[in-house]
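# Fold the stuff below for me.
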Amino acid sequence: MTATLLALDTATEACSAALLHEGRLFHRVEVAPRMHAQLLLPMIDELLAEAGITLAQVDALVFGRGPGAFTGVRIATGMVQGLAFAIGKPVIGISNLAALAQRAWREQGAEQVCAAIDARMDEVYWGCYHLVDGVMTLAGAERVCAPEQVDLAPELTTPVGAGTGWQYAERLAVPVQRSWPQMLPDATDLISLALPAWRAGQVLDAADAQPVYLRDKVATPKVG
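Residues are numbered from 1 along each chain as shown. Predicted coordinates:
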């Protein structure tokens with residue numbers, strides 16, 4: 001089944017959008033912190049125009065659901081939710097740590113990846129992934145913790161590191177062959193990860209699109 005998927009990601013410094021239509025991938029990306037809200041709609045318009053389709057022809061909308069910057073994660077989630085409501089189409093949320101791992105596979109051929117995103121407050125968002133049928137699959141659980149508290153899933157024997165959390169490499173007590181601390185999640189990889197979910201019917205109603213912060217104690221302060 002050929003899918004037309006539109007993916008948006010704003011969870012980190014990078015703002016990216018990707019459109020898969022009739023097997024062709026169209027892509028935009030710009031590293032511009034605090035500009036995501038202004039950049040997204042023009043990017044979407046450009047992609048649709050380049051593909052020669054309207055938004056209504058999109059089968060599902062994909063978003064980087066986090067973890068990442070709180071404001072950034074909310075921007076992509078809210079944008080996808082609004083667009084999906086407008087055209088009556090489902091949504092698919094994809095982990096930004098998984099997207100990092102998928103990018104490391106796509107660009108570097110890495111089959112085992114420790115993905116880490118700088119979570120500020122002297123912590124990192126952390127997840128271990130290994131390749132299964134061309135898709136980066138979580139081993140263990142994603143979490144947020146101090147760099148010294150990360151651990152390696154037993155499925156990973158020769159991992160590499162990807163993501164801004166690897167700027168703390170000397171504090172991450174996990175041996176990797178090499179790491180790419182400048183690597184950011186990209187909507188292109190959200191598409192790759194969303195395709196199996198789409199084919200399996202693992203989609204959500206727009207109303208159920210939810211960000212994943214991991215650090216809930218900061219995102220939702222206690223009341224009273």
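# What's the biggest strand in the protein, counting residues?
When secondary structure is assigned using DSSP state E, the longest strand within the chain turns out to be strand 135-145.
# Now that one: buried residues?
If you call a residue buried by 16 or more other CB atoms under 10 Å, then strand 135-145 has these buried ones: V135, M136, L138, A139, E142, R143, V144. (C-beta placed from N, C-alpha, C; glycine too.)
# partner strands of the next helix or strand after it, parallel or antiparallel?
Sequence-wise, the next helix or strand downstream of strand 135-145 (DSSP states H and E) is strand 160-162. Strand 160-162 has these partner strands in its sheet, going by DSSP bridges: strand 112-118 (parallel), strand 179-180 (parallel).
# Please identify the deepest-packed of these.
Greatest average neighbour count among these goes to strand 112-118 (a mean of 28), per mean count of other CB atoms under 10 Å.
# Send over that strand as CSV, restricted to the C-alpha atoms.
Backbone C-alpha positions of strand 112-118 (Å, rounded to 0.1, in the frame of the first residue of the first chain) are rendered in CSV as follows:
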residue,chain,number,x,y,z
GLN,A,112,23.2,-0.3,17.4
VAL,A,113,22.7,3.2,18.7
CYS,A,114,22.6,4.9,22.1
ALA,A,115,20.5,8.0,21.4
ALA,A,116,20.9,10.9,23.8
ILE,A,117,19.4,14.4,23.7
ASP,A,118,20.5,17.2,26.0
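# between the helix or strand just after that strand and strand 135-145, how many degrees?
Next along the chain after strand 112-118, taking DSSP H and E as the criterion, comes strand 124-132. Between the axes of strand 124-132 and strand 135-145, defined by axes from the mean of the first three to the mean of the last three CA atoms, to 10 degrees, the angle is 160 degrees.
# about what we covered before: next, format the strands paired with strand 160-162 as JSON lines and append distance to D205 and mean pLDDT.
Output for the strands paired with strand 160-162, formatted as JSON lines (distance: least, CB to CB, whole Å; pLDDT from 0 to 100):
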{"stretch": "strand 112-118", "distance to D205": "28", "mean pLDDT": "98"}
{"stretch": "strand 179-180", "distance to D205": "36", "mean pLDDT": "98"}
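# Which of the ones you listed sits closest to H27?
Nearest to H27 among the strands paired with strand 160-162 is strand 179-180; the distance by CB to CB comes to 19.2 Å.
# Which residues does that closest one contact?
Strand 179-180 is touched from outside by A104, Q108, V160, G161, A162, G163, W166, A169, with contacts defined as CB atoms under 8 Å, 6 or more residues apart in numbering.
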